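**Q** Would you be able to build a 3D model of this:
(4 chains)
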Number of protein chains: 4
Amino acid sequence: MRYYQLGDADESRLAVRTPDGLYDLTAANADVATYRDLVRAAAIADLNADEIASGIVADAPRIDEAAIEGSVRRPLVPSEVWAAGVTYRISEEARREESAMEQIYVDVYEADRPEVFFKATPSRLVGPGEAVGIRRDSDWDVPEPELGVVLHRGEIVGFTIGNDMSSRSIEGRNPLYLPQAKVYDRCCSIGPCVRSAASLEDPQDLEMWMTIERDGDRLFEESTNTGGMVRSLEELVECYVDHNAVPELSVLLTGTSLVPSEGFTLREGDRIDIGIEGIGSITNPVTVV
Amino acid sequence: MRYYQLGDADESRLAVRTPDGLYDLTAANADVATYRDLVRAAAIADLNADEIASGIVADAPRIDEAAIEGSVRRPLVPSEVWAAGVTYRISEEARREESAMEQIYVDVYEADRPEVFFKATPSRLVGPGEAVGIRRDSDWDVPEPELGVVLHRGEIVGFTIGNDMSSRSIEGRNPLYLPQAKVYDRCCSIGPCVRSAASLEDPQDLEMWMTIERDGDRLFEESTNTGGMVRSLEELVECYVDHNAVPELSVLLTGTSLVPSEGFTLREGDRIDIGIEGIGSITNPVTVV
Amino acid sequence: MRYYQLGDADESRLAVRTPDGLYDLTAANADVATYRDLVRAAAIADLNADEIASGIVADAPRIDEAAIEGSVRRPLVPSEVWAAGVTYRISEEARREESAMEQIYVDVYEADRPEVFFKATPSRLVGPGEAVGIRRDSDWDVPEPELGVVLHRGEIVGFTIGNDMSSRSIEGRNPLYLPQAKVYDRCCSIGPCVRSAASLEDPQDLEMWMTIERDGDRLFEESTNTGGMVRSLEELVECYVDHNAVPELSVLLTGTSLVPSEGFTLREGDRIDIGIEGIGSITNPVTVV
Amino acid sequence: MRYYQLGDADESRLAVRTPDGLYDLTAANADVATYRDLVRAAAIADLNADEIASGIVADAPRIDEAAIEGSVRRPLVPSEVWAAGVTYRISEEARREESAMEQIYVDVYEADRPEVFFKATPSRLVGPGEAVGIRRDSDWDVPEPELGVVLHRGEIVGFTIGNDMSSRSIEGRNPLYLPQAKVYDRCCSIGPCVRSAASLEDPQDLEMWMTIERDGDRLFEESTNTGGMVRSLEELVECYVDHNAVPELSVLLTGTSLVPSEGFTLREGDRIDIGIEGIGSITNPVTVV
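**A** Down below sits the predicted model:
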């Protein structure tokens, strides 16, 4: 099942998409206003979210697909977002060209320990339709479309799409600048929904695509498959969770392999669309921060 | 099952008493820190609290009974407490003597509409061991031991013991002063636990007793049975819930029939013990407010 | 000065009206998003709210009066609202006719102790433009327009307009039903602003008026003056605050003297307008709850 | 002035140390329960925290120094902690020896752009007396004693002591592992107080010292001066604040120059003491996480 957070002026509600359509869970049960409510109840009742949602759907009114246009928000508000790097086969080569200090990427690629890093606080995280940021002091900026793992107390409960916005010019100058290239205003987006882990057979075999448009022209269009990862999701999660103080809800982005070529940089007003098979797609405009 | 909120300096946890002993639910499942967490999960998962708690108990460490001495707090923090009056057979006569305007009590007793009233905000509500208040501007003050109904969105989910502290002198002067006689600092206590509705066969057939001690002397000792009520619990709940904006969690006290005789008034330092069969007992000292 | 809470879909801000116009305080200082923020800062800094607001206004953008149409909300969210009764000279006679038990009103009128009562939780309190409620189980319902005193930890800091909606039929049947006649869904409204105490010379010499319209017809139109009170505001506040657990912010409504005649009752869809000199006016439609 | 957060079982209060002694601000004014309350009020009233505190001290009870032993907590709960690296003159040489990729540190040292990075969420931040962590998967772990800048919406309002716990073995293996070497359970401590910016003449001329004890033996004892920084505090703050989504309250640690020699690593049970002139000192035991 897929869970969406819908919001307008005065209220917020959780909707679920089943094979039969879209349903308003909050209308059926006022105690379920967010994905967090659902997941927490599941953890307490020792059920999975889909089992609980199935029970509520019976009483839930259908939602008209057209009516939710523009009201889809971040599907959850994780206390923190982490991300991983150098996780795809293709990524090795791409990074080899971009940095004078390329050896460190090769080393990570070959090492037992993955690269994971703190990516975003809730205050830096946007949802569908909201602008993602590029830094005014950067001149080479790219989106990084990634499969996002949704974690409840460190356990995988679902999947979403994430965009790990990055300043290549700042990162490229010195690896010690990586946090500045990664953590800034509007540096991350997630959405449009959480696809439950229980309903997704193999998260490491999903088509993923990205397009970038400027003034109506398509500047970038490519696709890949999450099967291209050289690390398992469990390995990446373990690297984040171990020795850490993991919150009730967090998201771990799992790295990218869709990278615009070296000559490309994002500009104010560009539009980024990212899609993953079985989850959906998310659109974000670009703004300078 | 019976649910207790235990608290000390740095943490709060929910415990459950089963026929086999007392268990720390929060230690077994960090998502269950309060009774509210448990009841909300039950409402979302369409289970009752006991069914969920039974699953958690399997992993829960036992708590030593002696170790919780002094750490039992309010079993829940309801957003509001309401109370009912003139609900017991005996109450009619008792009240007949106490007021020049006795006819209004007789009228309520005979009317279809029960008497229910706003009793306490969370800020005026204390738990086991904490002092209940008597007003400095009152010279006739009594406890009113009552069966408390615990409501989730207006539905009965459990039972507790409540003390509806009352200024007889202020109430007796004019019925329009009733709110002043009833709603003031430390005017209400609840505890020691919530007994689940699912595990209590007949809440209107429970022994209830109260003792009052002063300087080691027992000044009052009497018992009654909740079977003495002339209204059903459902009728009282309906009167509170209908036409109202009921919060997620509230408590409705259901009236008293244990009343000290007319010559008795509480004083600073008195100790009140109230017990109800199947729930337990609660002790509160008295302070002037 | 007068403080307004403005809100639309995504944000809430505090505005102030000075003799020079309306200003957006939150735009000038992100730490002042609500009246509570302002009053708390004043209490900490030992200044009054107007002194602080004057400093912020210098940097604050003006707000177009037309632009705020429909976005004025409750000027504050008090933790509780209390109300007083039988406080006006005229009220004595009016009440004398309405109840078989009229003597209790006369007694309050002549007694030292005022009548004050718990009126509303935040969940039952609406703002400008929102519907106030009449109970489906009542057949005689009236608004009670009142001067509202805004209290910070029991001290008067400002004034607002309040509507103490009342079921005369329930109250009239038995004074013990007063809480049911007074405390129910949508039973109270306040607004449109808080007029600072420092800027209002004499709150007990203000014109107050009310009109009620139905289907375009004016059914009621009368005015009075807060100078008609027979109790001082300080006396009423003291009666509420003493022996009580007063929250950081509360509102005390001070009684009414504008009462529709006995033949009148509110109906679904009626429109109530209440104005007080120096504060402004508030409009609420009526709905059945 | 210096602000301390004191806490025991049931309450939390803000204390201030003036040249005349230690005072309980919360006891004098219930609206000031935390440093955040004070700073927010100052920002709203356009005063500095010391001006406001001076007014409250007049009514505040003195606190016995002995009585607060063990009850000093984190002086504030910043929404996030950032840290800077390679900011001291001595640091260049020290780091030159420790890493095969030393050139990146030299480059930062010589570059216009400082190194700043996300250091800790509130959940990973401890206060005086609480254990700081060393990772079980690391075999070379050190404290980094640093001057901490306290920021209100990106503006410097005070100073504290910070410990930027670091895994040298993880950081040394690859600079892309820096976030794992820096952000983990119990990775940061701050305290014991916030020294107001208004009362500290020159934060870049303060003696700083650190000792490390194991089983009663002093293993490390050295001192330095914050005057050894090669960047101004303003420059570091600007690098953090620019292009970022800065919360109401944050802390920026400003780098270290007190580094145990290469043969030393922390162990479970070690005790770290860090002091800065004009602020005080903080003690933390070490635990494995």
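**Q** okay, now the residue of the stretch 101-250 of chain A found nearest chain C: neighbour count?
**A** Going by C-beta to the nearest C-beta, chain C is nearest to A:E130 of the stretch 101-250 of chain A, at 10.8 Å. C-beta coordinates here come from the backbone N, C-alpha and C atoms, glycine included. Neighbour count of A:E130, defined by other C-beta atoms under 10 Å in any protein chain shown: 17.
**Q** Identify the residue nearest it in space, chain neighbours excluded?
**A** In this structure, A:E130 finds its nearest non-sequential neighbour in A:N284, 6.4 Å apart by C-beta to C-beta, 6 or more residues apart in numbering or on different chains.
**Q** Next up, the contacts around that neighbour.
**A** A:N284 makes contacts with A:V126, A:P128, A:G129, A:E130, A:A131, A:V132, A:N163, A:S189, A:R271, A:I272, as judged by C-beta atoms under 8 Å, 6 or more residues apart in numbering or on different chains.
**Q** my guess is it is in a helix, correct?
**A** No. Judged by DSSP: H, G, I helix; E, B strand; the rest coil, A:N284 forms no part of a helix; its state is strand.
**Q** any idea of the pLDDT on it?
**A** As predicted, A:N284 sits at a pLDDT of 98.
**Q** Next up, the contacts around the residue most central in space within chain A.
**A** By C-alpha atoms, centre = their mean, chain A has its centre lying nearest to A:G162, at 1.8 Å. Counting by C-beta under 8 Å, 6+ apart, A:G162 touches A:V81, A:A83, A:P145, A:E146, A:L147, A:G148, A:C188, A:S189, A:I190, A:V251, A:L253.
**Q** what do you get if the cut-off is 6 Å, keeping everything else the same?
**A** Contacts for A:G162 (C-beta atoms under 6 Å, 6 or more residues apart in numbering or on different chains) come out as A:E146, A:G148, A:I190, A:L253.
**Q** What of A:E144?
**A** Listed by C-beta under 6 Å, 6+ apart, the contact partners of A:E144 are A:D164, A:S166, A:T256.
**Q** and those residues, which of them are in strands?
**A** Residues of the contacts of A:E144 located in strands (DSSP state E): A:D164, A:S166.
**Q** low pLDDT regions in chain A?
**A** Confidence mapping of chain A against pLDDT under 70 gives the ranges A:9-10, A:90-101.
**Q** Okay, domains of it per the record?
**A** A:2-68, A:80-288 (automatic domain parsing).
**Q** Now do the helices in chain A.
**A** For chain A, the helices defined by DSSP state H occupy A:25-28, A:35-45, A:49-57, A:89-98, A:103-110, A:168-173, A:178-182, A:233-241.
**Q** Now render these as JSON lines, adding distance to chain C.
**A** Below are those laid out as JSON lines (distance: least, C-beta to the nearest C-beta, whole Å):
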{"stretch": "helix A:25-28", "distance to chain C": "17"}
{"stretch": "helix A:35-45", "distance to chain C": "19"}
{"stretch": "helix A:49-57", "distance to chain C": "24"}
{"stretch": "helix A:89-98", "distance to chain C": "37"}
{"stretch": "helix A:103-110", "distance to chain C": "40"}
{"stretch": "helix A:168-173", "distance to chain C": "28"}
{"stretch": "helix A:178-182", "distance to chain C": "24"}
{"stretch": "helix A:233-241", "distance to chain C": "32"}
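**Q** Chain D: which of these is closest?
**A** helix A:178-182 (3.8 Å).
**Q** who in the stretch 151-289 of chain A is up against chain D?
**A** Within reach of chain D by C-beta under 6 Å from any C-beta of the partner chain, the stretch 151-289 of chain A has these residues: A:N174, A:P175, A:L176, A:P179, A:V183, A:Y184, A:D185, A:H243, A:N244, A:A245, A:V289.
**Q** thought the first one was touching D:I104?
**A** This means A:N174. Yes. Counting by C-beta atoms under 6 Å, A:N174 does reach D:I104; the two are 5.5 Å apart.
**Q** okay, and the common contacts of these two?
**A** Joint contacts of A:N174 and D:I104 (C-beta under 6 Å, 6+ apart) do not exist.
**Q** Give me the nearest residue to the residue of the stretch 1-150 of chain A found nearest chain D, chain neighbours excluded.
**A** Closest residue of the stretch 1-150 of chain A to chain D, C-beta to the nearest C-beta: A:F117 (3.8 Å). Nearest non-adjacent residue to A:F117, counting by C-beta to C-beta, 6+ apart: D:P179, 3.8 Å away.
**Q** buried stuff in stretch A:142-160?
**A** Judged by neighbour count (16 or more other C-beta atoms under 10 Å in any protein chain shown), stretch A:142-160 contains these buried residues: A:142-154, A:157-160.
**Q** Same check on stretch A:123-138?
**A** Residues of stretch A:123-138 classed as buried: A:124-135, A:138 (neighbour count, 16+ other C-beta under 10 Å).
**Q** Which ones among these map onto strands?
**A** A:L125, A:V126, A:V132, A:G133, A:I134.
**Q** Export those as a markdown table, with columns for distance to D:I279.
**A** Listed next are those as a markdown table, based on distance: C-beta to C-beta, whole Å:
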| residue | distance to D:I279 |
| --- | --- |
| A:L125 | 34 |
| A:V126 | 38 |
| A:V132 | 39 |
| A:G133 | 35 |
| A:I134 | 39 |
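**Q** Max pairwise distance over those residues: which two?
**A** The largest distance within these, taken as C-beta to C-beta, falls between A:L125 and A:I134 and amounts to 15.9 Å.
**Q** quick one: A:A27 from A:Y4, how far?
**A** Per C-beta to C-beta, to the nearest Å, A:A27 is found 13 Å from A:Y4.
**Q** Equivalent analysis for A:V150, please.
**A** 13 Å.
**Q** what do the two both touch?
**A** Contacts common to A:V150 and A:Y4, judged by C-beta under 6 Å, 6+ apart, are absent.
**Q** A:P203: what's it in contact with?
**A** A:P203 sits next to A:F159 when contact means C-beta under 6 Å, 6+ apart.
**Q** For the stretch 1-150 of chain A, what lies in contact range of chain B?
**A** Contacts of the stretch 1-150 of chain A with chain B, taken as C-beta under 6 Å from any C-beta, map to A:D31, A:V32, A:R40, A:A41, A:A43, A:I44, A:A45, A:D46, A:L47, A:I52, A:G55.
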